[in-house]
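Asker: I need the structure of the sequence given here:
(one chain, ligands or ions: 1)
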Amino acid sequence: MNTQPHSFERQIRWLKRRKAQFCTLSELVGRMNRQEEGRFVAITLDDGYVDNFTQAYRIIKKHGAKMTVFINPGIQDPGLLDVGQIQTMQQSGCVEFGAHTLTHPDLTRLDDVGARHEIDGSIRATEAVTGVPCTSFAYPFGRFGERDVRLVREAGMVCAVGIKSRIMPWSDVDPHAMPRIGTNGKVSHFQFCLAFSRGRHRL
Ligand SMILES: [Zn+2]
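Answerer: Below is the predicted model:
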């Protein structure tokens, strides 16, 4: 995570005070499509670092929240979640795992065969680890073109996210190119709160 655990917990407390109902990303899309009423919040973490298990997961469980973690099953690194950690989180019911390509390339620089391999391969590999269908996807670096959106849709994904920070009505959202409000260690608590009302971190 780019966010310190105490900041992450503070953000979750703030969201709870605002009556946020936490859901996974694919649950969020289902609820929006069914026009359910509520303040639904989907927390997403990219790249699957070990602290997603040692820090974020602990805080998520403590507050009865949920999160979606996007992993790159083609990358082996001791700093990344291992199979046991992924399965423990998956079985808890409060974490959804989504695909983030196999090796984290910039999809816009790949040809069709390469892009399909990265997308489809990561979805299958994520399902092989979690044992459940993978229905959400995150574009590495938030970079994607129309071709990539099509491939992700054809691969059966319910939703896919970039990193564009915007607030917009659900009717204008393409579920396969959803915006996200980003946060990291450089974002103050005030900026975080601001981003939720304005979609950006500055006044
Ligand atoms: Zn990433």
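
Asker: what's the distance between stretch 123-136 and the middle of its chain?
Answerer: With Cα atoms, centre = their mean, to the nearest Å as the basis, stretch 123-136 stands 14 Å off its chain's centre.

Asker: For residue 38, see how far away residue 46 is.
Answerer: Per Cβ to Cβ, to the nearest Å, residue 46 is found 25 Å from residue 38. Where you see a C-beta, it was placed from the backbone N, CA and C, and this is true even at glycine.

Asker: So for these two, which residue has more residues nearby?
Answerer: It is residue 46, of residue 46 and residue 38, that has more neighbours when counted by other Cβ atoms under 10 Å, with 25 against 11.

Asker: residues near the nearest residue to the more buried one once chain neighbours are set aside, how many?
Answerer: Leaving aside its chain neighbours, residue 46 sits nearest to residue 70 (4.8 Å; criterion: Cβ to Cβ, 6 or more residues apart in numbering). Neighbour count of residue 70, defined by other Cβ under 10 Å: 27.

Asker: What helix or strand is residue 70 located in?
Answerer: Element membership for residue 70, per DSSP states H and E: strand 67-71.

Asker: Quick check: beta-bridge partners of residue 43?
Answerer: Using DSSP bridges, the bridge partners assigned to residue 43 are residue 67.

Asker: Contacts only, for it.
Answerer: 12, 22, 60, 65, 66, 67, 68 (Cβ atoms under 8 Å, 6 or more residues apart in numbering).

Asker: how about a cut-off of 7 Å?
Answerer: Counting by Cβ atoms under 7 Å, 6 or more residues apart in numbering, residue 43 touches 22, 65, 67.

Asker: Against the ion, how distant is it?
Answerer: Using Cβ to the ion, to the nearest Å, we find residue 43 at a distance of 15 Å from the ion.

Asker: Repeat that for residue 135.
Answerer: According to Cβ to the ion, residue 135 stands 18 Å off from the ion.

Asker: In this structure, what residue comes closest to the ion?
Answerer: Closest to the ion within the chain is residue 46: 3.9 Å, counting by Cβ to the ion.

Asker: buried set for stretch 8-23?
Answerer: For stretch 8-23, the neighbour count (16 or more other Cβ atoms under 10 Å) marks 8, 9, 11, 12, 15, 20, 21, 22, 23 as buried.

Asker: Please identify the helix or strand for the fifth one.
Answerer: Read it as residue 15. With DSSP H and E as criterion, residue 15 is part of helix 5-17.

Asker: Strand 67-71 and that helix, what's the angle between them?
Answerer: Between helix 5-17 and strand 67-71, the angle comes out at 140 degrees (axes from the mean of the first three to the mean of the last three Cα atoms, to 10 degrees).

Asker: start the count at 21, not 1, going forward
Answerer: Done: numbering now begins at 21, and the last item shifts to helix 25-37.

Asker: follow-up on the earlier one: now the strand holding residue 90, how far from the chain's geometric center?
Answerer: 5 Å.
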